[in-house]
Structures are given as C-alpha cells and as structure tokens.
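Chemist: mind folding the following:
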Amino acid sequence: MPQAAAKPLKSATPQVLKGTRIISLALNLPGPAALMRCRSMGATCVKLEPPAPSTLSQGATGDPMSHYNPRAYQEMHNGVRTLVADLKTDKGQRTLHKELARAHVLLTSFRPSALSKLGLGWPTLRTLYPQLSMVSIVGSRGERAEEPGHDLTYLAECGLVTGLELPASLFADMAGSLMASESVLQARLHSLQNGKGVRLEIALNAAAAYLALPRDWGLTIAGQPTGGGHAGYRIYPCKDGRVALAALEPHFARALAEAAGLTQSSPDAMFSPENHAAVAAFVAGKTRKQLNALATSRDIPLYTMA
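Modeler: Take a look at the predicted model:
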C-alpha cells in the first residue's frame, strides 16, 4: 500500500497578520526587511517599485537592492507580489490607488516632501481611505525629517561607530525594520479596535538610539561587568583564534574559575587584574576545540572564532 505523503510542517510563526493586506513603496533595506517579517506573519504583501533604470544590470528592478545584492533582494521579497508603477505618471497613480482601495496598511520610506509631491500625505490618504493605516520609515523625525542619511550616519550619531572600522551589520536599518513590522501590528490592532486607520512613524536614528540604550545606561562602559571589567565577560585570543567568553553570572563565573584554577572566584574577585591575567593566560593556552569541549563539560557560555 503506498505511503501517504507527509503533511507539510506548520510555520513556527503565528499567522497573526493573516487577512491583512500591506502595500509597500519602501525600497532598499528597512522597508523590504519589515515586509519580509510581515509576510512571515501571514500578511498578503504587494510592493510597487519604480521602473528599473536602463543603467542597472540585467535582472535588476527599480529597487536598488536588486542591483547591490540580488540574494538579499530575493530573500526579502519571497512571497511578495511585485508591481512596476511610476508614481509620477497617471498610470502609476491609478495602479497605486487601485491597490490602496483594498489595503489595510501602506508602508513607505520617502521623505515627507516626496510623499506630498506624490499626493500621499496623510491628510489626503485619511480622507480617501479612512480604514487605511500608514507606517512611514524616515531617517529622523520632525525638523530633521528631510535630512539625507543612511545606516552608518545614524549609528555614528548615536555613538555606535568606533575607530575607522565599519560596523559588522546594518544595525539601524534592521532595528528600524523590526520597529516597522511592530508598527504594522500596532496599526492593525488600532484599526480593528477603532474602525479607522492611524499613521505611525519610524525614525532610523531613533532605532539606532534604542540599540544604544545599554551603552547610555552605562552597561558597556569600561570597567562595567559587560564593558570588560569582569574577567569572565571578554574576548580573548586563544591558540588558533579567539573566544567570546560570557561567564558573567555567578554560577558560570565559578565554573570558569574552577576550570582556570583561579584561587579566588567570588563575584568581586573576577574584576581583579590578577584574575584577568590568569583567565587570559588560561585561554591563550587552549585551542578552539579544547575550549568548545570545556564549554560542554563545564557548562560555560563561550563561542570560539577563527
């Protein structure tokens, strides 16, 4: 007897946005990343892109990300219906408003002046589509909303750029995308409760400022437990690479102290220069393989890197 086909596994993400229709005009990274998250929560997502410039590579679209990094573009737009619409033309406007008439949320990343020129200011949209909500991604709020900026400038503004090294990721953009997807949820809940839409604004410099809060609170300044003051919470060189050691809590610190043969393992002792030197010497004599084994046998949180 033939075996029945296996049933597909259900998504681990609750489909809380099922039945919600989102129209996006947002290009590059924050908007599409937010749309990707909304799609994973069950939303029906439609994105309108401008025509692709003839100067871009073959296969590129009107979203610059499709040219800069096709892989990122494809992953963020998986399951998203994409339409070409030049919003500066009557035809493009007709396409947009046909979609808006059926939408619950509009996602944008234009400056306020650009939205007004396209006839997409909030007062206009609220009059035309009372049940439509709008989530606007901007660089900065208020008087600074027209300023040009990018992930790097927002991180620098919030003190998250050190030295001449570029940050390891586009933190402000990705934090902004999380806030934007959260705002979609908020807008939808508001609409369901009140019967009308709402406009919410996400500023990328505010997203960077949110990421900087632990630093502002003093958690990561020099000498603090997570600022290099605790011998169990640092990055150390080892024989064949580096290790991110995070033995901060007392029980983890005790396990590290026992493994490293420290004579004093009290919470205060882990701040002493002697214990810093002892842990550094202990780790320096171990390979990544040995440290990984130590993490398993002693229950010590660490991650080795080449």
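
Chemist: element containing T82?
Modeler: strand 81-84 (DSSP states H and E).

Chemist: phi first, then psi, for L166.
Modeler: phi -70, psi 150 (degrees, to the nearest 10).

Chemist: okay, now the domains of this protein?
Modeler: Using automatic domain parsing, the domain ranges for the chain come out as 21-214, 225-305.

Chemist: what about the longest one, start to end distance?
Modeler: When you say that, I think you mean domain 21-214. 36 Å (Cα to Cα, to the nearest Å).

Chemist: same question for it, mean pLDDT?
Modeler: What domain 21-214 shows for mean pLDDT is 95.

Chemist: run the chain-centre distance for that domain.
Modeler: Computed by Cα atoms, centre = their mean, to the nearest Å, the chain-centroid distance of domain 21-214 equals 13 Å.

Chemist: quick one: the helices in the chain?
Modeler: 30-40, 65-68, 70-76, 90-100, 112-117, 122-128, 151-157, 171-194, 204-211, 213-216, 250-260, 273-284, 288-298 (DSSP state H).

Chemist: where does the stretch 201-306 of the chain dip in pLDDT?
Modeler: Residues of the stretch 201-306 of the chain meeting the criterion pLDDT under 70: 265.

Chemist: re earlier: out of the helices of the chain, nearest to G232?
Modeler: helix 250-260 (4.8 Å; Cβ to Cβ). (Each C-beta comes from the backbone N, C-alpha and C, glycine too.)

Chemist: mind listing what's buried along that closest one?
Modeler: Using 16 or more other Cβ atoms under 10 Å as the test for burial, helix 250-260 gives F252, A253, R254, A255, L256, A257, A259, A260.

Chemist: picking up where we left off before, now, of the helices of the chain, which is deepest in the fold?
Modeler: helix 30-40 (a mean of 24; mean count of other Cβ atoms under 10 Å).

Chemist: re the thing from before, tabulate the buried residues of helix 250-260 (CSV), appending distance to P267.
Modeler: As requested, these are arranged in CSV below (distance: Cβ to Cβ, whole Å):
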residue, distance to P267
F252, 11
A253, 7
R254, 9
A255, 14
L256, 12
A257, 11
A259, 17
A260, 16
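
Chemist: let me know the closest of the residues you listed to G197.
Modeler: F252 (48.5 Å).

Chemist: what's near enough to touch that closest one?
Modeler: By Cβ atoms under 8 Å, 6 or more residues apart in numbering, the contact set of F252 is G232, A246, D299, I300, P301.

Chemist: go again using 7 Å as the cut-off
Modeler: The contact partners of F252, taken as Cβ atoms under 7 Å, 6 or more residues apart in numbering, are G232, I300, P301.
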